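> here's a sequence, model it:
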Amino acid sequence: EAELVDSGGGLVQTGGSLRLSCVVSGLSFDRWRIAWYRQVPGKEREAVAFIGKGNGKPVYADFVKDRFTFSSDNAKNTVYLQMNNLKPEDTANYYCGARWAAHSMTVTTPPHGLDYWGKGTLVAVSA
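Below is the predicted model of the structure:
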């Protein structure tokens, strides 16, 4: 059975850094695309970053470019989201999710397009 366990959130000051982790079990990185989304209460979950098909390069939402870095350790079945220069508007629950790799994906892919989710980890950035 597939399971995604995300962790690493916390409270930081503006300009600080955090690294989120997502341990994936029951899914192969060859067949599933792992993504990071975030959600603020009252708003829809939005894509932050995911691994692109083919070249495997990360794709980022514009609001996190040059600040966040998506990486993976296939040996550990784990993906990471290194978040630097955090801003108060980055405050949200962050979720890792999985989408069948044969399906196309963009930063506008809605959350219902993903098949599996972690429970989320809260990132809070103080001003």
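
> can you tell me the centre-most residue of the protein?
By C-alpha atoms, centre = their mean, the chain has its centre lying nearest to residue 36, at 1.5 Å.

> residues touching it, list them.
Counting by C-beta atoms under 8 Å, 6 or more residues apart in numbering, residue 36 makes contact with 20, 22, 47-50, 70, 79, 81, 94-97. Quick note: C-beta positions are derived from backbone N, CA and C, even for glycine.

> what pairs with the host helix or strand of it, parallel or antiparallel?
Secondary structure from DSSP states H and E places residue 36 in strand 32-39. Partner strands and pairing direction for strand 32-39 (DSSP bridges) are strand 46-51 (antiparallel), strand 92-100 (antiparallel).

> next SSE after the first one?
Past strand 46-51, heading to the C-terminal end, the next element that is a helix or strand (DSSP H and E) is strand 58-60.

> so which bits of that next one are buried?
Judged by neighbour count using 16 or more other C-beta atoms under 10 Å, the buried positions of strand 58-60 are 58-60.

> and the average pLDDT for it is what?
What strand 58-60 shows for mean pLDDT is 94.

> tell me what it is packed against?
strand 46-51, strand 68-73 (3 or more C-beta pairs under 8 Å, 6 or more residues apart in numbering; DSSP states H and E).

> next, the angle strand 46-51 makes with the last one.
Computed with axes from the mean of the first three to the mean of the last three C-alpha atoms, to 10 degrees, the direction of strand 68-73 lies at 40 degrees from that of strand 46-51.

> contacts for the next helix or strand after strand 68-73?
Next in sequence after strand 68-73, counting helices and strands by DSSP H and E, comes strand 78-83. For strand 78-83, the external contacting residues (C-beta under 8 Å, 6+ apart) are 8, 17-24, 34, 36, 48-49, 51, 64, 67-73, 90, 94, 96, 123.

> rerun that using 10 Å as the cut-off
Outside strand 78-83, the residues within contact range by C-beta atoms under 10 Å, 6 or more residues apart in numbering are 4-6, 8-9, 12, 16-24, 29, 34-36, 38, 48-51, 58, 64, 67-73, 90, 94, 96, 98, 121, 123, 125.
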